[in-house]
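> After the sequence you'll find the predicted model.
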Amino acid sequence: MIQRQVDFQRRGALGISRSGKKLLRFQMAYAGDGRDVAKSDMKELRRELWLDDEHGIDSAMFYGIDSTPPDQFIADYRKTLVRLAKL
């Protein structure tokens, strides 16, 4: 079993923001040392543990290809993003 604890924030029915911690779990069969994990299993693992694009972790960050977090990108290009938003 693979576990990951995440901080989350959500809005309630009355627009009240709530935050907390959530323990995410994923069960995966162990095929043995040196065996590749199926692409479908990795996709499901990323989705279940909130390590996907929807939760701010793209493929490059997940696989260690890109070390720049999205927050840094936004900080670097803040002025450009504001100008684009006004178009």
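Cool, got the structure.

> hey, let's count contacts and neighbours off CA atoms from now on
OK.

> Can you give me every residue that contacts Phe26?
Phe26 is in contact with 1-3, 45, 48-49, counting by Cα atoms under 8 Å, 6 or more residues apart in numbering.

> Just these: which are in strands?
Secondary structure from DSSP state E places 2-3 of the contacts of Phe26 in strands.

> the strands in this protein, which residues?
Along the chain, counting by DSSP E, strands occupy 2-11, 17-26.

> so what does the helix or strand bottoming out on mean pLDDT in the chain touch, helix or strand wise?
Ranked by mean pLDDT, DSSP states H and E, the helix or strand of the chain with the weakest confidence is helix 70-76, at a mean of 79. Under the contact criterion of 3 or more Cα pairs under 8 Å, 6 or more residues apart in numbering; DSSP states H and E, the helices and strands touching helix 70-76 comprise an empty set.

> quick one: contacts of that helix?
With Cα under 8 Å, 6+ apart, helix 70-76 has contacts from 56, 81.

> quick one: that helix to chain centroid distance?
16 Å (Cα atoms, centre = their mean, to the nearest Å).

> Would you mind giving the strands of the chain as a markdown table with distance to Val82 and mean pLDDT added?
As requested, those are exported to a markdown table (distance: least, Cα to Cα, whole Å; pLDDT from 0 to 100):
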| stretch | distance to Val82 | mean pLDDT |
| --- | --- | --- |
| strand 2-11 | 24 | 86 |
| strand 17-26 | 25 | 88 |
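
> can you tell which of those strands is closest to Ile57?
Ranking those by proximity to Ile57 (Cα to Cα) places strand 2-11 first, at 12.8 Å.
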